[in-house]
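Participant: just a sequence and a predicted model for now, questions to come.
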Amino acid sequence: MKQTILLKVNPENPNLDKIQIAAEIIRKGGLVAFPTETVYGLGANALNADAVLALFEAKKRPLDNPPIVHIANPSDVPPLVQEVSKKAELLMERFWPGPLTLLFRHSNIVPSVTTAGLDTIAIRMPKHNIAIALIKTSGCPIAAPSANLAGKPSPTNAQHVYEDLDGRIDAIIDGGAASIGVESTVVDLTIDPPIVLRPGGTTFEALKRVLGDIKLHPFVEAEKELPLEKIRSPGMKHRHYAPKAQVILVEGTIEAMTYKIQEFAQAYILKGAKVGILATDETKSVYKANVVKSLGSRFNLPAVAQNLFSSLREIDAQGVDLILAEGVPLEGMGLAVMNRLRKASGYQIVKAK
Ligand code: TXA
Ligand code: MG
């Protein structure tokens, strides 16, 4: 067991003495969880193979699933990659700092554990004062997967990180709640047209407006487990975002969905199960169950995204046996929300008619 230290830092104006302490840990090969605008990341020096290996161990993450490398300035990219294409430049200029991760072919200074032996590297520049201050002060690119135990919902505040990783990492920087609440969008730029491997904080619509031609990997909208040969991003094949409770996702019109969910809830409660419902502001008063939680208005999908992971954790902490979740439209931030809910349900999806 490690002694995990807690550093409270002001996200508006990061306290430099505390950032110094965290940066010193990173430089020495240690592990520091820190806030970004999407979710909390668990950071290690991306160029130190032992540190990155320790990162996988702390998270219990399979070694074939590489982390994202975080940088503080677009000029940090060229040393890590073979080439920066015109499209990459365009996306970096338009969306960085922000919730967009780009794949490049990596240079030979990147240890193979950092890229899980792939010939590509995933890079992003976060839009968060603490993350940027930490990367700059550490003086190295920081490999940072989400700071949760593998398989759990990603952490959107320091308390979530503490629950999963206390005693397993050196420090947690508490910089308040993450504003976006789901992870970055991952785009593969090593093929043409580029392809979205994971939907996230940067919408597909926004990428399309800038690039014109860009595709969604079938996995992004998948409603069932895809065969292994279709998988491009290693993260796709691992179980994700799974609470302890069983999750059933119900999709359909508002009327059909609420009817179906209430029907399920009643049936399970009759059988003695404790049932939680993930609803929206527009529907929550309809339901009778042991726990009913609203993710926010279904007409405000960024708010739904922001609340998603913390609500999954909260409802799970109430000890429910079953979580019934409402679907939302597959547009804007709804695409990322639905991708996470479908995975969390292990593809137990019911189409209400
Ligand atoms: O918002 C985010 O992206 C957060 C914050 C901390 O920045 N990070 C995050 O990291 O979500 P992680 O490790 O939980 O997810 C990284 C995803 C995984 O699905 C992984 O498979 C994919 O990026 N990835 C990383 N390197 C890749 C590569 N070379 N090729 C394909 N996919 C890659
Ligand atoms: Mg993750």
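Facilitator: Noted; the coordinates are in hand. Ligands and ions are numbered 1, 2, ... in the order given.

Participant: quick one: low-confidence ranges for this protein?
Facilitator: 228-232, 235-239 (pLDDT under 70).

Participant: and it, which residues reach ligand 1?
Facilitator: 36, 38-39, 41, 65-68, 99, 101, 103, 115, 118, 120-122, 126, 144-146, 183-184, 186, 197-198, 233-235 (Cβ under 6 Å from any ligand atom). Bear in mind the C-beta positions are built from the backbone N, C-alpha and C, glycine included.

Participant: okay, and which of those residues map to helices?
Facilitator: Among those, no member falls in helices (DSSP state H).

Participant: which residues does D213 contact?
Facilitator: Neighbouring residues of D213 by Cβ atoms under 8 Å, 6 or more residues apart in numbering: 193-194.

Participant: ok, it to L207 distance?
Facilitator: 10 Å (Cβ to Cβ, to the nearest Å).

Participant: which stretches of the stretch 51-200 of the chain form strands?
Facilitator: All strands of the stretch 51-200 of the chain, identified by DSSP state E, counting those that start in this stretch, fall at 69-70, 100-105, 120-124, 142-143, 171-174, 185-188, 195-198.

Participant: parallel or antiparallel, list what pairs with the second one.
Facilitator: Sheet partners assigned to strand 100-105 using DSSP bridges are listed as strand 120-124 (antiparallel), strand 185-188 (parallel).

Participant: what sits up against the last one?
Facilitator: Going back to what we said before, that points to strand 185-188. Outside strand 185-188, the residues that reach it (Cβ under 8 Å, 6+ apart) are 68, 91, 99-103, 120, 122, 194-204, 207, 214, 232-233, 336.

Participant: buried ones from these, can you make that a ChimeraX selection?
Facilitator: Selecting the buried subset of the contacts of strand 185-188 in ChimeraX, with 16 or more other Cβ atoms under 10 Å as the burial test, is done by:
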select :68,91,99,100,101,102,103,120,122,194,195,196,197,198,199,200,201,202,203,204,207,214,232,233,336
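
Participant: sorry, back to before: looking at the strands paired with strand 100-105, which is closest to N73?
Facilitator: N73 lies closest, by Cβ to Cβ, to one member of the strands paired with strand 100-105: strand 120-124, at 11.5 Å.

Participant: please compute how far the closest one lies from its chain's middle.
Facilitator: 15 Å (Cα atoms, centre = their mean, to the nearest Å).

Participant: stretch 134-149 too?
Facilitator: For stretch 134-149, the distance to the chain centre is 15 Å (Cα atoms, centre = their mean).

Participant: what's the end-to-end length of it?
Facilitator: Start to finish, the residues bounding stretch 134-149 are 22 Å apart (Cα to Cα, to the nearest Å).

Participant: what of stretch 163-178?
Facilitator: Span of stretch 163-178 from end to end, Cα to Cα: 16 Å.

Participant: in space, not sequence, find me the middle residue of this structure.
Facilitator: In the chain, the centroid-proximal residue (Cα atoms, centre = their mean) is E183; its distance is 3.0 Å.

Participant: does it touch G200 like I think?
Facilitator: Yes: between E183 and G200 a contact is recorded at 4.9 Å, counting by Cβ atoms under 8 Å.

Participant: quick one: contacts for G176?
Facilitator: 11, 35, 157-158.

Participant: scratch that, Q262
Facilitator: Q262 makes contacts with 286-288, as judged by Cβ under 8 Å, 6+ apart.

Participant: restricted to buried residues, select those in ChimeraX.
Facilitator: Selection of buried members from the contacts of Q262 for ChimeraX, criterion 16+ other Cβ under 10 Å:
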select :286,287
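
Participant: nearest to L7, of the contacts of Q262?
Facilitator: Looking across the contacts of Q262 and measuring by Cβ to Cβ, the closest to L7 is Y287, at 40.5 Å.

Participant: now that closest one, nearest residue through space, not along the chain?
Facilitator: Sequence neighbours aside, I277 is the residue nearest to Y287 in space, at 5.0 Å (criterion: Cβ to Cβ, 6 or more residues apart in numbering).

Participant: quick one: the one you found is in a strand?
Facilitator: Yes: assessed by DSSP: H, G, I helix; E, B strand; the rest coil, I277 belongs to a strand.

Participant: burial of it, as a residue count?
Facilitator: 28 (other Cβ atoms under 10 Å).

Participant: can you report how many residues lie near T38?
Facilitator: 32.

Participant: ok, now the one 4 residues further on?
Facilitator: L42 has 28 neighbouring residues, counting by other Cβ under 10 Å.

Participant: please apply the same query to T137.
Facilitator: T137 - counted by other Cβ under 10 Å - has 18 other residues nearby.

Participant: pretty sure F264 sits against I248.
Facilitator: Yes: using Cβ under 8 Å, F264 is in contact with I248, at 6.7 Å.

Participant: run a quick neighbour tally on L330.
Facilitator: By the measure other Cβ under 10 Å, the count of residues near L330 is 17.

Participant: helix or strand for the closest residue in space to it that isn't next to it in sequence, just tell me which one.
Facilitator: Among residues not flanking L330 along the chain, M338 sits closest, at 5.6 Å (Cβ to Cβ, 6+ apart). Assigned by DSSP states H and E, M338 belongs to helix 334-344.

Participant: which residues touch that helix?
Facilitator: 153, 182-183, 185, 198-201, 203-204, 220-223, 239-243, 247, 249, 301, 304-305, 308-309, 312, 325, 327-328, 330, 349.

Participant: which of the residues you listed fall in strands?
Facilitator: The strands, defined by DSSP state E, take in 185, 198, 247, 249, 325, 349 from the contacts of helix 334-344.
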